Structure formats: structure tokens, C-alpha cells
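# any chance you can model this:
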Amino acid sequence: MQPLAVYVHIPFCTVKCGYCDFNAYSGMDNLKEAYGAALVAEVHANASLLSGRTIASIGFGGGTPGEVPAAHIGAVVAAIGQHARLDPAAEVTLEANPGTLDRPQLEALRAAGVTRLSIGAQSFHADELRFLDRIHSPQATAAAVGLARKAGFESIGLDLIYGLPGQALDAWIGSLGTAIGLAPDHISIYALTVEDGTPLARRVRKGEVTPLDPDAVADLYEAATDRLAAAGYLQYELSNWARPGHHSRHNMVYWTDGEYLAIGAGAHGYLGGERYQNIAHPRAYIAAVEERAPAPHPGRESAYRPGAVTAMADWFSLRLRLLEGFHEPEFEARFGLPLRKVGGVVLDDCASAGVLELAPGVRLTRAGRLLHGEVSARFLARLQNTLAATG
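Residues are numbered from 1 along each chain as shown. You can find the predicted model right below:
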């Protein structure tokens, strides 16, 4: 049986950023104790799903998991270990805000079993951080990396955001240079997206903010690709670079069709071909777990089994995020249909356009990395037509 990953959602933030559409909430510190207990209760209620499995990775995301007591993190890790075998080399990742990290907290997190930190630097320019509603200063990120090293963390990542309105190439290169200078083991870069329902979307709709031109965003991505490579970072996924041995093993589970158990408010899981989602609001989640545990899945709100088109399209899109791509027999082994039969025309057209390479495996070219969404959409459309025609 394949190793299992566990995702644990911590929905609390000091301030929710205006661009964020994640299941995150500010001003709910009074719920943290009850929420920590609910997480542990949900783990125990899912004992049957953990039994006999080896846990290769645990990811604490949010929200800002680094803002809850380390004892809560340790209690969840310990509860998982009661029902499943924790691989001695298991990766336990925690997302953290540099503005709320200190040495005692970091040492406590390390003692709780966290092995890898993902620090949300986002930018090294004060004006950009203000625009993003971040509460930390550029200097705080450098301090956090230093403190994390002293606390014993051997794998530290930094997250950066690019494509801010009016962002100049020089400013982006400056942030990249500062990040590289801190010598993290992993660097993730994400383009700022305007998500429906966020304060940023409302500002854009009112004309208060003008999104950066897509061509300029592409230039920033290309600049990052060159500079990170020159600094010795290996790109393994569209948004992720790492030093050898420091790629995110937890995220690789998502990109390679692996199974993961979801714990916490609004967490999404994938087990036995079924995708499911937990109750989103922390208060409702806590109440449901308290009422339903120890029955299985006490925090679950909904579940569904993707149809053939959705499953194939998701698999294709996620695997294509990896720079190594995939080999065509992998698709057939997973779905029982040759890739060429369901999407050959799209593959050939994209290869002719210089967007895809088809041998020895299927993968995006460097130019194609900027068009991942378009390639995935075309493949989905072709799938719908092909499978509809074959009944």
C-alpha cells in the first residue's frame, strides 16, 4: 500500500490579506484551544483510515499554522502516530508568517516534530508588503530564517509573490536577490491572482487597482527562472525551486495522484478515488466534531467521486505542473485508455506550437510553462468531445 499524506488546516490569521481567498479568519484567537482539541478528536475518529498506513508527510497549512501553540501541532502529530506508522524520515511541513515567529516558538515547533518551515516572505519591499496587507517587515523575514536555523531546522523555504500592480522588473529582481542571499533550501513563487469575493477583487472592480499586464507578469516569471537557476536552485514544478533533496515531498503527493487524509476546517482530502471537503467555518467544524466524534469523518461536509473526464483532466493538469512531466503509459495504466486516443490532437498541436515535448515523455517546454492553463483547458475540451462521442 502506498504511503499516505495528511493535510491539517489551521484557519487562523492575525490579519487576513486582501488578496487571499483561502479558508482563513482573523479575530478568532478565542477558538484556538477548542480547535486544537477538535483536530486531535478528528484524527482519532479517522483511526480506521490511518491504520496500517505509513505516513510519509504531514502538511500544516492555513491560515497561519505558525500562530497556534506548538503544543497543538505536536498533539496532532502524536495522534496521527498513534494510529499509523510515521516514517522516520517523514516530512512535517508548517507554514509560518515571519512577523509572528520567535526563537522559543521555533524551538517548540521543532520539538513538536516539525521538520520543514515554509515562510511567507512574499516580498522584500515595504510598499509591496503594505499593499499585500502583510504585517511583517522585510527585515523580519531575514531574522526568521536566522532564528529557524538556530532552532535546528534543516529545510527552510521562502514564498514570494510577483505580478503586483505596477511592479517593476527591478523591484522583483531585488526581492529575488534578497531571498537568494538568505540561502533558503526552497523557494516558491506565485503570481498574484485576483480571486472573486476578495477585497482585492472589489478594488479592481472599482478601478482603484489595475492588474499588471500579463506580458509583464510573464517577464517577471522568466526573470525568476533565470536567476534561481543561476543561484543553483533546481526547478521541479511550475512555481517551485529547491536545492537537491529539499523539494516538497508533501506537495508531490498532490501532483502525482497520491492519497491524502484531510483534517481541519475546510480541508480537502482524497482517498480511494473519492474527494471530500470538511466543514469550512471553524465554529461549525468544532461543533460538528464535538457532536459526532468518535463516529468516522466527524468534520466532513461533502464528498464525491470524480467522473472520468474530471479525473483524467485533473491528472493531466497536475502531472503537467511537474517539469519532468509524465510518460504516456502512466496515463493508460491509471485510466485504461491510451492518452493518444483521448487527447492526441491536442498533444500534437501543442507540440507543433512549441509548447509541449512528447518524447521521451510529455512535458511543457520552457515557453509552455507560461501556458499551462491553456494547455490544460484544451485537453479538457478534447476529453469532453472524445468521451461524449464514444459514449
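# now do the longest helix along the chain, average pLDDT.
Using DSSP state H to define each element, the chain has its longest helix at helix 372-390. Averaged across helix 372-390, pLDDT comes to 90.
# just the C-alphas of stretch 247-255, formatted as CSV.
The C-alpha trace of stretch 247-255 is given here as CSV (Å, rounded to 0.1, in the frame of the first residue of the first chain):
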residue,chain,number,x,y,z
HIS,A,247,11.7,19.5,-2.8
SER,A,248,8.3,19.4,-1.1
ARG,A,249,7.6,15.7,-0.7
HIS,A,250,4.1,16.6,0.7
ASN,A,251,3.1,18.7,-2.4
MET,A,252,4.4,16.0,-4.7
VAL,A,253,1.6,13.8,-3.3
TYR,A,254,-0.9,16.3,-4.7
TRP,A,255,0.8,16.5,-8.1
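# got the residue ranges for the helices in the stretch 51-200 of the chain?
Assigned by DSSP state H, counting those that start in this stretch, the stretch 51-200 of the chain shows helices spanning 70-83, 103-111, 126-131, 138-150, 169-181, 199-205.
# can you redo those helices as CSV with mean neighbour count and distance to residue 40?
(C-beta placed from N, C-alpha, C; glycine too.) What follows is these, written out as CSV (neighbours: other CB atoms under 10 Å; distance: least, CB to CB, whole Å):
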stretch, mean neighbour count, distance to residue 40
helix 70-83, 19, 5
helix 103-111, 18, 17
helix 126-131, 16, 35
helix 138-150, 18, 26
helix 169-181, 17, 35
helix 199-205, 16, 34
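# among the ones you listed, which comes closest to residue 229?
Nearest to residue 229, of all those, is helix 169-181, at 11.0 Å by CB to CB.
# what's the angle from that closest one to helix 138-150?
Using axes from the mean of the first three to the mean of the last three CA atoms, to 10 degrees, the direction of helix 169-181 lies 20 degrees away from that of helix 138-150.
# quick check: which ranges of the protein have low pLDDT?
390-391 (pLDDT under 70).
# domain map for it?
4-254, 308-390 (automatic domain parsing).
# can you redo these as a markdown table with distance to residue 266?
Putting the domains of the chain into a markdown table (distance: least, CB to CB, whole Å) gives the following:
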| stretch | distance to residue 266 |
| --- | --- |
| domain 4-254 | 3 |
| domain 308-390 | 19 |
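# just the CA atoms of the longest helix of the chain, as CSV, please.
What follows is helix 372-390, C-alpha atoms only, in CSV (Å, rounded to 0.1, in the frame of the first residue of the first chain):
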residue,chain,number,x,y,z
HIS,A,372,-0.1,25.6,-18.6
GLY,A,373,-3.7,26.7,-18.0
GLU,A,374,-4.4,27.0,-21.7
VAL,A,375,-2.9,23.5,-22.5
SER,A,376,-5.0,22.0,-19.6
ALA,A,377,-8.2,23.7,-20.9
ARG,A,378,-7.6,22.4,-24.4
PHE,A,379,-7.0,18.9,-23.1
LEU,A,380,-10.2,19.1,-21.1
ALA,A,381,-12.3,20.2,-24.1
ARG,A,382,-10.8,17.4,-26.2
LEU,A,383,-11.6,14.9,-23.5
GLN,A,384,-15.2,16.0,-23.3
ASN,A,385,-15.7,15.7,-27.0
THR,A,386,-13.9,12.3,-27.3
LEU,A,387,-15.6,10.6,-24.4
ALA,A,388,-19.0,12.0,-25.4
ALA,A,389,-18.5,10.6,-28.9
THR,A,390,-17.6,7.1,-27.6
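# identify all contacting residues around that helix.
Residues external to helix 372-390 that are found in contact with it (CB atoms under 8 Å, 6 or more residues apart in numbering): 238, 308-309, 312-313, 316-317, 320-321, 341-343, 345-346, 349-350, 355-356, 364, 368.
# quick check: buried residues in it?
375, 376, 378, 379, 380, 382, 383, 386 (16 or more other CB atoms under 10 Å).
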